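> what shape does this take:
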Amino acid sequence: MKDPNNFDVLIIGGSYAGLSAALSLGRSLRTVLIIDSGSPCNQKASHAHNFITHDGTAPHLIAEKARAQVLQYPSVTYRNDLAVSASATDTGFTVRTDSGHTFTAKKLILATGIKDKFPDIDGFAACWGISVIHCPYCHGYEHRGQITGIMANGPLAMHLALLLHNLTNKLSLMTCGKADLTPEQISQLQQHGIPIVETAITSITHHQGQVKQVVFADGSREEVDVLYAALPFTQHTDLAATLGCSFTEQGHIKVDMFQKTSIEGVYACGDSTMGMRSIAYASASGNLAGAMVNHALAEEVFQ
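Below you'll find the model as predicted:
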């Protein structure tokens, strides 16, 4: 009799990457359990963009449709729960959840995402995902021509300035401290009419998440319509670390070109593995992870 708590694959995280991985596996007749706590990082975003066939659709509607399609495959199960621990066994992996349940599988896919670390700026969190945003490809077209601030420093500041200059000529760079830029970079910004403000930001005035003004430590204010922010992040869970997975210098789970981590049998996909944060990239990496796990399972029996 089949153990109802044992699967071919456990997928931790049921957003775009996790669901995409499950789709590949379900179509290959693999038994899959998706464990998802229901807290995606883009939950405040009203619309998703730059994702073909879904451009302009609310992210939660994309996820709901994906979940419904994935669960049409009888070998795929979805559980709304929080995975709190994961460990390797002689035959695969064991995962325990917050509700006290324990599940086992031959392979493990981590699609757990990341958490942004918000600065101590009043009003910032209320605007995040609405008018304080991170990606020109996801949001830039909708804010084209608007008064735009960039809250970043160093290479990330230059990266955003380069991309956003194509979308608006009303740009300013807010480094929240001494600008970590070379003389050549400062000259480049000046040539394109992009002022640099080094004074720290203390608060953001807004109306229902829509930025009105940025307030600086010296009391000065700057009106902006949208603010791009390059934020530090942490992994959404410590499961990859407790399993012994390696990480990149930036803090992402280190994977190879087939989404394999440094731990045999553990794969990872989505935002936790790369800096390109979008539904399209997450879905693509999940699709690949699912296919590679299926390939590994097939190889183990086809010898």
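
> neighbouring strands - and their directions - for the helix or strand containing Leu173?
Using DSSP states H and E, Leu173 sits within strand 171-174. Strand 171-174 sits in its sheet next to strand 148-151 (parallel), strand 196-197 (parallel), going by DSSP bridges.

> and for Met276, the neighbour number?
13 (other C-beta atoms under 10 Å). Just so you know, the C-beta spots here come from the backbone N, C-alpha and C atoms, and that holds for glycine as well.

> again, but for Met158
Considering only other C-beta under 10 Å, Met158 is surrounded by 19 other residues.

> for the stretch 151-300 of the chain, what spans make up the helices?
154-164, 183-191, 239-243, 279-301 (DSSP state H, counting those that start in this stretch).

> how about these in a markdown table, adding mean pLDDT?
Shown next, in a markdown table, are the helices of the stretch 151-300 of the chain (pLDDT from 0 to 100):
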| stretch | mean pLDDT |
| --- | --- |
| helix 154-164 | 95 |
| helix 183-191 | 95 |
| helix 239-243 | 97 |
| helix 279-301 | 95 |
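
> circling back: distance to Met274, mean pLDDT and mean neighbour count added to the strands paired with strand 171-174, as TSV?
Below are these laid out as TSV (distance: least, C-beta to C-beta, whole Å; pLDDT from 0 to 100; neighbours: other C-beta atoms under 10 Å):
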stretch	distance to Met274	mean pLDDT	mean neighbour count
strand 148-151	22	97	26
strand 196-197	29	96	18
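
> now those as JSON lines including distance to His295?
What follows is the strands paired with strand 171-174, written out as JSON lines (distance: least, C-beta to C-beta, whole Å):
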{"stretch": "strand 148-151", "distance to His295": "42"}
{"stretch": "strand 196-197", "distance to His295": "50"}
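
> between these, which gets nearest to Ser203?
With respect to Ser203, and counting by C-beta to C-beta, the nearest of the strands paired with strand 171-174 is strand 148-151 at 12.7 Å.

> in three-state terms, label the closest residue to Val293 other than its chain neighbours for me.
Closest residue to Val293 apart from its sequence neighbours, by C-beta to C-beta, 6 or more residues apart in numbering: Lys107 at 4.9 Å. Classification of Lys107 using DSSP: H, G, I helix; E, B strand; the rest coil returns strand.

> residues contacting Lys107?
8-10, 92-93, 265-267, 293, 296-297 (C-beta atoms under 8 Å, 6 or more residues apart in numbering).

> okay, and which of those map to strands?
Judged by DSSP state E, strands contain the following of the contacts of Lys107: 8-10, 93, 266-267.

> right, and the pair among the residues you listed with maximum separation?
Taking C-beta to C-beta as the measure, the ones in strands among the contacts of Lys107 span a maximum distance of 14.3 Å, between Asp8 and Val266.

> which of the two has more residues huddled nearby?
Shown here are Asp8 and Val266; by other C-beta under 10 Å, Val266 has more neighbours (24 against 19).

> residues contacting the more buried one?
By C-beta under 8 Å, 6+ apart, the neighbours of Val266 are 93, 107-110, 240, 243, 245, 260.

> who does it bridge with?
Where Val266 sits in a bridge, its partners, by DSSP bridges, are Leu108.

> so how far is Phe93 from it?
8 Å (C-beta to C-beta, to the nearest Å).

> shared neighbours of those two, anything?
Common contact partners of Val266 and Phe93 (C-beta under 8 Å, 6+ apart): 107-108.

> most centrally placed residue in the protein?
In the chain, the residue lying closest to the centroid (C-alpha atoms, centre = their mean) is Asp271, at 3.4 Å.

> give me the pLDDT for Leu10.
At Leu10, the model reports a pLDDT of 98.

> name the surrounding residues that touch stretch 77-93.
7, 10, 12, 14, 31-38, 67, 70-71, 94-99, 101, 104-108, 237, 239, 242-243, 263, 265-266.

> meant to ask about stretch 144-151, not that
Residues outside stretch 144-151 that contact it (C-beta under 8 Å, 6+ apart) are 132, 157, 160-161, 164, 167-168, 170-174, 176, 201, 214, 222-230.

> any low-confidence regions in the chain?
Low-confidence segments of the chain (pLDDT under 70): 1, 40-46.

> and the closest residue in space to Glu300 that isn't next to it in sequence, what is it in contact with?
The spatial neighbour of Glu300 that comes closest, neighbours along the chain excluded (C-beta to C-beta, 6+ apart), is Lys106 at 7.9 Å. Applying C-beta under 8 Å, 6+ apart, we find Lys106 in contact with 7-9, 91-93, 265, 297, 300.

> before we move on, the earlier item: distance to Pro136 added to the ones in strands among the contacts of Lys107, as CSV?
Formatted as CSV, the ones in strands among the contacts of Lys107 follow (distance: C-beta to C-beta, whole Å):
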residue, distance to Pro136
Asp8, 39
Val9, 35
Leu10, 35
Phe93, 38
Val266, 33
Tyr267, 30
